[in-house]
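S.K.: Got a sequence here, can you model it:
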Amino acid sequence: MSVTRLAVSLIRCCLYLPQIVRPLRVVGFDDAPHGHAEMVFDNVRLPASSIIAGPGRGFEIAQGRLGPGRIHHCMRLLGMCERSLEWMCARVDNRVAFGKPLSQQGGMQDSIAESRMDVRDRSWVWWVAPGSHAPMRCRLSKRVC
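M.R.: Residues are numbered from 1 along each chain as shown. All right, here's what the predicted structure looks like:
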């Protein structure tokens, strides 16, 4: 395989080599020190055997890893939506306005119903992806979540 000037390769190196500049947030979450980070590699020399899957195949490997990441973050966000909906329902039972609990007022019931439908729609689209085919789920996770 000929490697062009624009080809990307992935390499593996020891954890002590890079200097972590700053942790990065992913989908609003800060998973430091175990999550994503911006790193600097200064004066690092590695043998050619450190290249993963061969020269110029880095983009192919990265694309293969994006799908599971999208699925993970989509499911994580759906879980957060479910939890937020539970908190909203608990909160409106405890709050009183105009002499009755918020949960008994029409406007709040509409808001809760809309939120429930939004979460259910996204979950439903996810779980009934055509044939539960993994590539289809990856594409859906980009659009749904």
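S.K.: use CA for all of it now, contacts and neighbours both
M.R.: OK.
S.K.: Burial check on residue 85, number of neighbours?
M.R.: 17 (other C-alpha atoms under 10 Å).
S.K.: tell me the phi and psi of it?
M.R.: Main-chain torsions, residue 85, degrees, to the nearest 10: phi -70, psi -40.
S.K.: any idea which element the spatially most central residue of the chain lies in?
M.R.: Nearest to the geometric centre of the chain sits residue 73, at 2.2 Å (C-alpha atoms, centre = their mean). If you go by DSSP states H and E, residue 73 is part of helix 58-94.
S.K.: coming back round to it: what spatial separation is found between the residue nearest to the centre of the chain and residue 116?
M.R.: Plainly put, residue 73 is 20 Å away from residue 116 if you go by C-alpha to C-alpha, to the nearest Å.
S.K.: any idea how far residue 55 is from residue 8?
M.R.: Distance, residue 8 to residue 55, using C-alpha to C-alpha: 7 Å.
S.K.: Can you give the domain ranges for this structure?
M.R.: Per automatic domain parsing, the domain ranges recorded for the chain read 10-56, 65-144.
S.K.: Please identify the deepest-packed of those domains.
M.R.: Mean neighbour count (mean count of other C-alpha atoms under 10 Å) peaks for domain 65-144 among the domains of the chain, with a mean of 14.
S.K.: Rebuild the domains of the chain as TSV, extending it with mean pLDDT.
M.R.: TSV is the format used below for those (pLDDT from 0 to 100):
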stretch	mean pLDDT
domain 10-56	79
domain 65-144	81
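S.K.: Does residue 21 belong to a helix, a strand or coil?
M.R.: Classification of residue 21 using DSSP: H, G, I helix; E, B strand; the rest coil returns strand.
S.K.: can you pull the contacts of it?
M.R.: Residue 21 sits next to 37, 38, 39, 40 when contact means C-alpha atoms under 8 Å, 6 or more residues apart in numbering.
S.K.: So in terms of bridging, what pairs with the last one?
M.R.: Taking DSSP bridges, one obtains residue 19 as the residues bridged to residue 40.
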